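Engineer: Show me how the following folds:
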Amino acid sequence: MPLYIGVMSGTSLDGLDVALIEHEQAPRLLASHYTPMPDELGRQLLALCSSGDDEIARSALAEQQWAELAAQAIQQLLQRERLDPRQIRAIGSHGQTVRHEPQRGFTVQIGNPAMLAELTGICVVADFRRRDVAAGGQGAPLVPAFHKALFGGERRRAILNVGGFSNLTLLAPQQPVRGFDCGPGNVLLDAWIRRHRGEAFDRDGAWAASGTADVPLLQGLLADDYFRLQGPKSTGREHFNLDWLLAHLQTRAPIAAADVQATLLELTARSIATALHAALPAAEELLVCGGGAHNKRLMQRLAELQPSCTVESTDTRGLPADWIEAMAFAWLAHCCLEGIPANCPEVTGAGGPRVLGAIYPA
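Structural biologist: Model (predicted):
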């Protein structure tokens, strides 16, 4: 039975998720491992998300460190599970996104897959997004095809991933899978609490819950042109970032920091709820994965904004919310090696189905 490893490093830059799956008729999670991102490497990767001096060299050095960290995490998982690298058919490595501008025809994920193959002795499949972009697509989100493999059925169901950014997968009987990026997920919430309280994230949404959303600020944020776009669409730090928020705040009277946090949580919740209502108004279920599934206040607001829709973590379906994306890239490695197209043109806007990924043999 083929075994695959998926490695995911998201826009939150908090660490690397590693998932071990087996794939026969359907993917199944066997084990998982999390490695925190070293502070200095996180700063380097964040700096690469915007223009700066000596970017080529800094990028090359950062992706070497990223590959070393990923190799260490994979080796720790294999040792714990008493597996030999030869038992793993492939690693699906997402790498770290440092630029995503499909409207200009490019997306960039770094992670030195050649080094990762060398360090682990395992075949690596990487660079999943650029083929879709080359075919005229957004290169994101890529997980809807995987969501369909896991959750497709006879119900009108939406799968919501809330990482740094939020994206929806829309599943309905007898219809093609659809999906798109809704907008900011945790990226602004994390940046704001880091700026004001020195904390990496707002645990349970408690700080946001202590404040009150500022309606004029919320209306100004929601007026951004991105929220009016119809899918296919995707976004990233190039558009939604701390400077974007500060530009909005400069036009208004001072707002208490906790109230800004409450407003940002409401921005995330409302942008998701509005997009879901427009795209799948009769949704019966909203299953949430990613770090946002642990934000109690966000989950509460999503349920309040979608009263006719059951809102639950994917944990309730036996699929841990923290590991869905890493599982997805392990599955994408399987699809690549089997020559199976794994993008969804209805989601990304690509010119047609494409086999995704580049192969780096062990």
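Engineer: contacts and neighbour counts: CA atoms only from here.
Structural biologist: Noted.
Engineer: residue boundaries of the strands in the protein?
Structural biologist: 3-9, 15-23, 27-36, 90-101, 106-110, 124-126, 157-162, 165-171, 178-184, 285-289, 310-313, 358-360 (DSSP state E).
Engineer: Okay, angle between the fourth one and strand 106-110 too, please.
Structural biologist: Taking axes from the mean of the first three to the mean of the last three Cα atoms, to 10 degrees, one finds strand 90-101 and strand 106-110 inclined to each other by 130 degrees.
Engineer: Touching strand 90-101 from outside, list them.
Structural biologist: Residues outside strand 90-101 that contact it (Cα atoms under 8 Å, 6 or more residues apart in numbering) are 3-11, 45-46, 48-50, 106-113, 122-128, 235-238, 329-334.
Engineer: try it again with 7 Å
Structural biologist: For strand 90-101, contacts defined as Cα atoms under 7 Å, 6 or more residues apart in numbering pick out 4-10, 45, 48-49, 106-111, 122-127, 236, 329-330, 332-333.
Engineer: And for stretch 36-47?
Structural biologist: For stretch 36-47, using Cα under 7 Å, 6+ apart, the contacting residues are Leu13, Asp14, Gly15, Leu16, Ala62, Val98.
Engineer: what mean pLDDT would you report for that stretch?
Structural biologist: The average pLDDT within stretch 36-47 is 95.
Engineer: What of stretch 306-326?
Structural biologist: For stretch 306-326, the mean confidence score works out to 95.
Engineer: for stretch 139-148, same thing?
Structural biologist: 93.
Engineer: Distance from the chain centre to that stretch, please.
Structural biologist: 10 Å (Cα atoms, centre = their mean, to the nearest Å).
Engineer: Other residues contacting that stretch?
Structural biologist: 129-130, 132-133, 167, 169, 171, 179-181, 234, 328, 342-344, 348.
Engineer: go on, stretch 206-218?
Structural biologist: Contacts of stretch 206-218 (Cα under 7 Å, 6+ apart): Ala258, Asp259, Val260, Gln261, Ala262, Thr263, Leu265, Glu266, Leu267, Arg297.
Engineer: Check stretch 248-259 too.
Structural biologist: Trp207, Ala208, Ser210, Gly211, Thr212, Ala213, Asp214.
Engineer: a markdown table for these, including neighbour count, pLDDT and distance to Arg317?
Structural biologist: Below are the contacts of stretch 248-259 laid out as a markdown table (neighbours: other Cα atoms under 10 Å; pLDDT from 0 to 100; distance: Cα to Cα, whole Å):
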| residue | neighbour count | pLDDT | distance to Arg317 |
| --- | --- | --- | --- |
| Trp207 | 19 | 98 | 29 |
| Ala208 | 25 | 98 | 28 |
| Ser210 | 12 | 98 | 31 |
| Gly211 | 16 | 98 | 33 |
| Thr212 | 15 | 98 | 33 |
| Ala213 | 21 | 98 | 32 |
| Asp214 | 17 | 98 | 36 |
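Engineer: Any chance of the strands of the chain in TSV with distance to Leu142 and mean neighbour count as columns?
Structural biologist: Shown next, in TSV, are these (distance: least, Cα to Cα, whole Å; neighbours: other Cα atoms under 10 Å):
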stretch	distance to Leu142	mean neighbour count
strand 3-9	13	27
strand 15-23	17	23
strand 27-36	16	18
strand 90-101	11	25
strand 106-110	13	19
strand 124-126	13	27
strand 157-162	11	27
strand 165-171	10	26
strand 178-184	9	27
strand 285-289	15	23
strand 310-313	20	19
strand 358-360	15	19
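Engineer: Which one of those strands lies nearest to Ala73?
Structural biologist: Smallest distance to Ala73 across the strands of the chain (Cα to Cα): 6.2 Å, for strand 27-36.
Engineer: burial of Leu298, as a residue count?
Structural biologist: 23 (other Cα atoms under 10 Å).
Engineer: need the contact list for it.
Structural biologist: Taking Cα under 7 Å, 6+ apart as the test, what Leu298 contacts is Gly205, Leu265, Ala269.
Engineer: How many neighbouring residues does the first one have?
Structural biologist: When counting by other Cα under 10 Å, one arrives at 20 neighbours for Gly205.
Engineer: same question, the second one
Structural biologist: A count of nearby residues for Leu265, using other Cα under 10 Å, gives 26.
Engineer: how much space between the residue of the chain most remote from its centre and Ala191?
Structural biologist: In the chain, the residue that sits farthest from the middle, by Cα atoms, centre = their mean, is Ala253; the gap is 33.7 Å. Noted for Ala253: a distance of 21 Å to Ala191, by Cα to Cα, to the nearest Å.
Engineer: Need phi/psi at the most centrally placed residue in the chain.
Structural biologist: The chain has Gly163 as the residue nearest its centroid, 5.0 Å off, counting by Cα atoms, centre = their mean. Main-chain dihedrals, Gly163, degrees, to the nearest 10: phi -110, psi -140.
Engineer: That one reaches Leu189, doesn't it?
Structural biologist: No - look at Gly163 against Leu189 with Cα atoms under 7 Å: they stay out of range, at 11.0 Å.
Engineer: got the CA positions of stretch 116-133 in CSV?
Structural biologist: C-alpha atoms of stretch 116-133 as CSV (Å, rounded to 0.1, in the frame of the first residue of the first chain):
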residue,chain,number,x,y,z
LEU,A,116,15.1,17.8,0.4
ALA,A,117,15.4,14.7,-1.8
GLU,A,118,19.1,14.6,-1.1
LEU,A,119,18.7,14.9,2.7
THR,A,120,15.8,12.4,3.0
GLY,A,121,16.6,9.9,0.3
ILE,A,122,13.0,10.1,-0.8
CYS,A,123,11.5,11.2,-4.1
VAL,A,124,10.1,14.7,-3.8
VAL,A,125,7.3,16.2,-5.8
ALA,A,126,7.1,20.0,-5.5
ASP,A,127,6.2,23.2,-7.4
PHE,A,128,2.5,22.3,-7.7
ARG,A,129,1.1,25.8,-8.5
ARG,A,130,3.1,27.0,-11.5
ARG,A,131,1.7,24.6,-14.0
ASP,A,132,-1.9,25.8,-13.3
VAL,A,133,-0.7,29.4,-13.6
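Engineer: Brilliant, that's me finished.
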